[in-house]
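*Asks:* would you be able to build a 3D model of this:
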Amino acid sequence: MGLVTVSGSLGLLFPPSLPAIIYGVTAGVSVKSIFIAGIIPGTLLVSTIALWAIRQGKVDHVTKRKFNPGKAIRILWQTKWEAIIPAGVLVGIFSGFTTLVETAALTTVYVIIVETLVYRDLKAKQIPKIIIDCSTLIGGVLIILGVAMGLTSYLVDAQIPMLLLDWMKETVSSKYVFLIMLNIFLLLTGCLMDIFSSIIVVVPLIAPLGEYFGIDPVHLGIIFIANLELGFLTPPVGMNLFLSAYRFNESMPVIYKATLPFFLVRLLVVIAITYLPFLSLGLLN
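*Replies:* Predicted coordinates for the structure are as follows:
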């Protein structure tokens, strides 16, 4: 339960992560640079969780299954039409051949073609209903983002970022103290807000502070996303915790106990990502 719960938010640093895209647009940072910078930290997070899971499996005497390359290749071939999607998104974004919006549109067209002509699971008469259902879902998300952007506009008009910057200049003199405070603040933010609202509201507040303390904007983005990944696992609004409790039909204390060791491992890696900028910027230099 702990492994499945924690793994649900491990992919936010890898393309085509939507939080990374929204962060780049909000902060005015190259989305491509964020994706490149997230490769090493993301791989480090996945590796440490995998190693801890192996260690925990030995303690709990989990039955091992030998990896079967042939079976893996067969399954990959069976899902070839789906496997093309992330590959196409990456090629479109990193080659510069398409913009983010164009990539999304082309992906939609591709999925419709595959579903209607290859799998034939989708009938033409079903498309209008699907569009309505998707519009309803997207509309709910847009309402949340709209309210968040309204709050952000108010904070900017009230000069809250500048007041916060002036207070930080008077109170904090060390870059590393600021990073400690930033980690704590982002963990608390992840406890109380979803990641998309957090990006819209919080990024305009911390971006000037990061610039003042000499933190690379791309590194700041990786710190931000890595910390908010933990928000999916942190009470009281940890989304993955609620989903696991529902799916496994277990009480929340049981889920907390199962995820706590994995949470602590991820927390240590996030601290390393925060204080070792070369992990994020190594592939960009």
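*Asks:* count the residues that sit near the residue nearest to Gly190 when sequence neighbours are not counted.
*Replies:* Computed as CB to CB, 6 or more residues apart in numbering, the closest residue to Gly190 that is not its neighbour in sequence is Gly231, at 1.9 Å. Quick note: C-beta positions are derived from backbone N, CA and C, even for glycine. Close neighbours of Gly231, defined as other CB atoms under 10 Å, add up to 23.
*Asks:* ditto for Leu117
*Replies:* Counted with other CB under 10 Å, residues neighbouring Leu117 total 9.
*Asks:* how far away is it from Gly88?
*Replies:* To Gly88, Leu117 is 17 Å away according to CB to CB, to the nearest Å.
*Asks:* now Thr5
*Replies:* As for Thr5, its distance to Gly88 is 30 Å (criterion: CB to CB).
*Asks:* between these two, who's got more neighbours?
*Replies:* Using other CB under 10 Å as the criterion, Thr5 and Gly88 rank with Thr5 on top: 24 against 16.
*Asks:* name the helix or strand for the more buried one, please.
*Replies:* Per DSSP states H and E, Thr5 falls inside helix 2-7.
*Asks:* what's that helix in contact with?
*Replies:* 49, 53, 56, 233, 240-241, 243-244, 255, 258-263, 266 (CB atoms under 8 Å, 6 or more residues apart in numbering).
*Asks:* what subset of those is buried?
*Replies:* The neighbour count (16 or more other CB atoms under 10 Å) marks Ile49, Ala53, Leu233, Asn240, Leu241, Ser244, Ile255, Ala258, Thr259, Phe262, Phe263, Arg266 as buried among the contacts of helix 2-7.
*Asks:* my read: Ile223 touches Ile273, true?
*Replies:* Yes. Here Ile223 reaches Ile273: they are 6.5 Å apart, a contact under CB atoms under 8 Å.
*Asks:* which neighbours do these two share?
*Replies:* Residues touching both Ile223 and Ile273 by CB under 8 Å, 6+ apart: Ser280.
*Asks:* so which elements touch the very next helix or strand once past the helix holding Thr5?
*Replies:* The C-terminal neighbour of helix 2-7 among helices and strands, as given by DSSP H and E, is helix 18-27. Secondary-structure packing of helix 18-27 (3 or more CB pairs under 8 Å, 6 or more residues apart in numbering; DSSP states H and E): helix 31-37, helix 195-212, helix 217-231.
*Asks:* need the winner for burial among those.
*Replies:* Ranked by average neighbour count under the criterion mean count of other CB atoms under 10 Å, the helices and strands packed on helix 18-27 are headed by helix 217-231 at a mean of 24.
*Asks:* relative to helix 195-212, how tilted is that helix?
*Replies:* For helix 217-231 against helix 195-212, the angle by axes from the mean of the first three to the mean of the last three CA atoms, to 10 degrees is 140 degrees.
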